[in-house]
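**Student:** starting from these lines, generate the structure:
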Amino acid sequence: MMGSSMYGYGIWGLLLNILIIIAIVWVVVAVLNKSNSGSSENNDRLARVEKDVEDVKKLVQDIKEKLDEI
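**Tutor:** Below is the predicted model:
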């Protein structure tokens, strides 16, 4: 069994194993890059939502103050 690979003997089995490893690494890198690019978009969206929440809080506080004056 020495010198044998998962898909057979010789150089073709070795090349097939190498190609499978390269394909797996390529898929993992592609998935990681996609998740990182989406992360920056989510951070921008989160920043806009936080700003909107602060604006709404300020508006509610202003309305409360005007109601207290009445």
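**Student:** what's the neighbour count on residue 10?
**Tutor:** By other CB atoms under 10 Å, 11 other residues sit near residue 10. Any C-beta I mention is one placed from the backbone N, CA and C, and that applies to glycine too.
**Student:** likewise for residue 54?
**Tutor:** Neighbours of residue 54 using other CB under 10 Å come to 10.
**Student:** what about it, distance to residue 14?
**Tutor:** Applying CB to CB, to the nearest Å, the value for residue 54 to residue 14 is 61 Å.
**Student:** quick one: low-confidence parts of the chain?
**Tutor:** For the chain, the stretches with pLDDT under 70 are 1-9, 35-40.
**Student:** all helices for it, in order.
**Tutor:** Secondary structure of the chain (DSSP state H): helices at 11-69.
**Student:** what about residue 61, neighbour count?
**Tutor:** Residues within reach of residue 61, counting by other CB under 10 Å, total 10.
**Student:** I meant to write residue 13 there.
**Tutor:** Per other CB under 10 Å, the neighbour tally for residue 13 reads 15.
**Student:** equivalent analysis for residue 14, please.
**Tutor:** So residue 14, with other CB under 10 Å, has 14 neighbours.
**Student:** no further queries at this time; thank you.
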